[in-house]
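Engineer: Quick one, structure for this:
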Amino acid sequence: QVQLVQSGGGLVQAGGSLRLSCAASGRTFSSYNMGWFRQAPGKEREFVAAIRWNSGRTYYADSVKGRFTISRDNAKNTLYLQMNSLKPEDTAVYYCAADLRLYATVVVTTEGGYDNWGQGTQVTVSS
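Structural biologist: Purely as a prediction, here's the structure:
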């Protein structure tokens, strides 16, 4: 099993930036696709961004495109989400997730396609 431990997040004013990290256990991190999701109060969890195992492709929700950047450091077994120009509507609990299919060519953007999840971290953007 792969364990995902998240860090980062917190409270920031609108227009500010935050970076989330997600550290993965195990030796196969570089072999599977990763994603970020978020869940706002009273809403369903939604896709934010995803990245292929070799960092060859990235995918974003329209709501964050141009403001958020997903990246990974396979040497450090760590996934990142750099969030810039934050808006109050970005307030949510953010989750990293792993799709444990090895070397998958299709990057999934629905939560059902992910097998393991981080513990979640709160991001609050004040207006």
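Engineer: Going by C-alpha atoms from here, please, whenever you check contacts or count neighbours.
Structural biologist: Will do.
Engineer: Would you check that Y103 makes contact with Y32?
Structural biologist: Yes - contact criterion CA atoms under 8 Å: Y103 and Y32 qualify, at 5.6 Å.
Engineer: more crowded one of these two?
Structural biologist: More crowded of Y103 and Y32, by other CA atoms under 10 Å: Y32, with 19 against 14.
Engineer: my read: that one touches V106, true?
Structural biologist: No - at 10.6 Å, Y32 does not count as touching V106 under the criterion of CA under 8 Å.
Engineer: Just give the closest residue to the most centrally placed residue in the chain, not the sequence neighbours.
Structural biologist: A centroid search over the chain (CA atoms, centre = their mean) returns W36, at 2.3 Å, as the residue closest to the centre. Among residues not flanking W36 along the chain, C96 sits closest, at 4.5 Å (CA to CA, 6 or more residues apart in numbering).
Engineer: follow-up on the earlier one: quick check: neighbours shared by Y103 and Y32?
Structural biologist: W53 (CA atoms under 8 Å, 6 or more residues apart in numbering).
Engineer: would L81 count as being in a helix?
Structural biologist: No - assigned with DSSP: H, G, I helix; E, B strand; the rest coil, L81 falls outside any helix and is strand.
Engineer: Quick check: bridge partners of it?
Structural biologist: L20, I70 (DSSP bridges).
Engineer: for A97, same thing?
Structural biologist: Applying DSSP bridges, one finds that A97 bridges with G35, W117.
Engineer: I figured it hits W36, correct?
Structural biologist: Yes - judged on CA under 8 Å, A97 makes contact with W36 at a distance of 6.1 Å.
Engineer: How about Q39, nearest residue that isn't a chain neighbour?
Structural biologist: Take Q39 and drop its neighbours on the chain: the residue closest to it by CA to CA, 6+ apart is R45, 4.2 Å away.
Engineer: Next one: that neighbour from S7, what distance?
Structural biologist: 19 Å (CA to CA, to the nearest Å).
Engineer: now V108
Structural biologist: In this view, V108 and S7 are 23 Å apart by CA to CA.
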